[in-house]
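*Asks:* 3D, please:
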Amino acid sequence: GSGAVRADIVRRLGALGLPPGRFATIVHPSVTIPEGCTVGEGSILLANVVMTAAVSLGRHVVVMPGVTFTHGDVADDYATFGAGVSLGGSVVVGRAAYMGMNSCVRQRIRVGARAVVGMGAAVVSDVPEGQTWAGVPARPLAQGAHAVGGRGES
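*Replies:* Sure thing, here's the model as predicted:
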């Protein structure tokens, strides 16, 4: 789901007095977290996620099956990764960004906060904050033309 919605839920729970450190982190048994990789509180990693070296996932990150994180990748809090996403080395994915199923990102690229990358997109240049990109190679969509999951969510 939406990283922005997850962030709002965490904010509201904090306002009700739920202290930090109370959110479960769920990692499927098929996933190995190598030494030097980190996974933040409240994150969920489903089956067959691959992490190589020095990967850092923030708090409340959701990672669907078959995602590959290569050396030095960083995902900020509340980022979402659809099934089959592949990141090259040293990719940075911003806070509450959404990576569509089977999208891929070339090494040393930045995907901005709240950006959306469409299913199957091939990202070869930086995606600015809040923009939606799709295609091969990925390009920005016209303002208001994006839909996450095909239901008009953003």
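
*Asks:* can you give me the helices in this structure?
*Replies:* Under the criterion DSSP state H, the chain contains helices at 3-15.

*Asks:* which residues does residue 60 contact?
*Replies:* Residue 60 is in contact with 3, 6-7, 10, 23, 40-43, 77-78, counting by C-beta atoms under 8 Å, 6 or more residues apart in numbering. Where C-beta positions appear, they are placed from N, C-alpha and C, glycine not excepted.

*Asks:* compare these and tell me which is most surrounded.
*Replies:* residue 78 (28 neighbours; other C-beta atoms under 10 Å).

*Asks:* how much space separates that one from residue 44?
*Replies:* 12 Å (C-beta to C-beta, to the nearest Å).

*Asks:* shared neighbours of these two, which are they?
*Replies:* Residues touching both residue 78 and residue 44 (C-beta under 8 Å, 6+ apart) are residue 61.

*Asks:* residues contacting residue 110?
*Replies:* For residue 110, counting by C-beta under 8 Å, 6+ apart, the contacting residues are 91-92, 94, 126-127.

*Asks:* closest one of these to residue 100?
*Replies:* Using C-beta to C-beta, residue 127 is the member of those that lies nearest residue 100, at 11.8 Å.

*Asks:* show me what that closest one is bridged to.
*Replies:* Per DSSP bridges, the residues bridged to residue 127 are residue 111.

*Asks:* that one against residue 112, yeah?
*Replies:* Yes: contact criterion C-beta atoms under 8 Å: residue 127 and residue 112 qualify, at 5.7 Å.

*Asks:* now the common contact residues for the two.
*Replies:* The contact lists of residue 127 and residue 112 share residue 97, where a contact means C-beta under 8 Å, 6+ apart.

*Asks:* quick one: which of the two has more around it?
*Replies:* residue 127 (24 against 17).

*Asks:* ok, now which ones touch that one?
*Replies:* Going by C-beta under 8 Å, 6+ apart, residue 127 touches 97, 109-112, 115, 117, 133, 138.

*Asks:* measure how buried residue 93 is and give me the count.
*Replies:* For residue 93, the count of nearby residues is 30 (other C-beta under 10 Å).

*Asks:* wait, it touches residue 87, no?
*Replies:* Yes: if you go by C-beta under 8 Å, residue 93 and residue 87 touch, sitting 7.4 Å apart.

*Asks:* overlap in contacts of those two?
*Replies:* With C-beta under 8 Å, 6+ apart, residue 93 and residue 87 have common neighbours 73, 105.
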